[in-house]
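Asker: sequence-free structure coming up:
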């Protein structure tokens, strides 16, 4: 049973380009969370998605950032017109469906560098 | 004031020492995670607990819900334990996770 997969592991973009980060949850998991870790800072919640629904996006910057988790395929975190301040490690985590407390399992992260 | 506070921020220990990392939080929670992150590496979940105590190998985690405090203990520390240890609390209907700033541990041979 493969763990949470993220790709690419490293991504380099020039200012103004778009970055697409992918997260494939663990098999059977239908909840995905995205977190950002800025250099020398702690992890911060960005968005929580279930299949085809955004449940909580209170941590997402208001502009240029979007996330989706389609019925088929991975969850995508999209950053348009990247700026240097977007350079960070982006982690996703997944948890199984159902009410109640479910442990989140983390992916290896995507390290985005904006030149 | 952060909702989740960890102490110490940095910790250097000699191999074999008993280590304690503390986490205090100010919100009502449903559970608490202890996570480990190696430099440049991914995040590994060590424990998720909502009451009492859990043990896995040389690691022990305790939580006191009334006092809003948790501790992570490492017995017989080893250089390979060197990492950042992060406390994360889970709260709200959507199980939102709020992270502490982490404790950077270095174990010297």
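Answerer: Structure's in. What do you need? Predicted model, so just to flag it, every value in this text is computed and none were measured.
Asker: Next, count neighbours for residue B:105.
Answerer: Neighbourhood size, residue B:105 [other Cβ atoms under 10 Å in any protein chain shown]: 21. Yep, even glycine has a C-beta here, placed from its N, CA and C like the rest.
Asker: Can you name the residues that contact residue B:97?
Answerer: Applying Cβ atoms under 8 Å, 6 or more residues apart in numbering or on different chains, we find residue B:97 in contact with A:33, A:35, A:45, A:104, B:33, B:88, B:89, B:90.
Asker: Tell me the secondary structure of the fifth one, please.
Answerer: Read that as residue B:33. Put simply, residue B:33 is strand when judged by DSSP: H, G, I helix; E, B strand; the rest coil.
Asker: Please, where are all the strands along the chain?
Answerer: You didn't pick a chain, so chain A it is. For chain A, strands defined by DSSP state E occupy the ranges A:5-7, A:10-13, A:19-24, A:31-37, A:43-50, A:53-56, A:65-68, A:75-79, A:88-95, A:105-106, A:110-114.
Asker: The intended chain is chain B.
Answerer: Using DSSP E, strands in chain B cover B:4-7, B:10-14, B:19-25, B:31-37, B:43-49, B:52-56, B:59-64, B:69-74, B:83-91, B:96-99, B:103-108.
Asker: any weak-confidence spans in chain A?
Answerer: A:1, A:99-101 (pLDDT under 70).
Asker: Without its sequence neighbours, what residue ends up closest to the spatially most central residue of it?
Answerer: Among the residues of chain A, the one closest to the centroid is residue A:34, at 3.6 Å (Cα atoms, centre = their mean). Nearest residue to residue A:34, sequence neighbours excluded (Cβ to Cβ, 6 or more residues apart in numbering or on different chains): residue A:46, at 4.3 Å.
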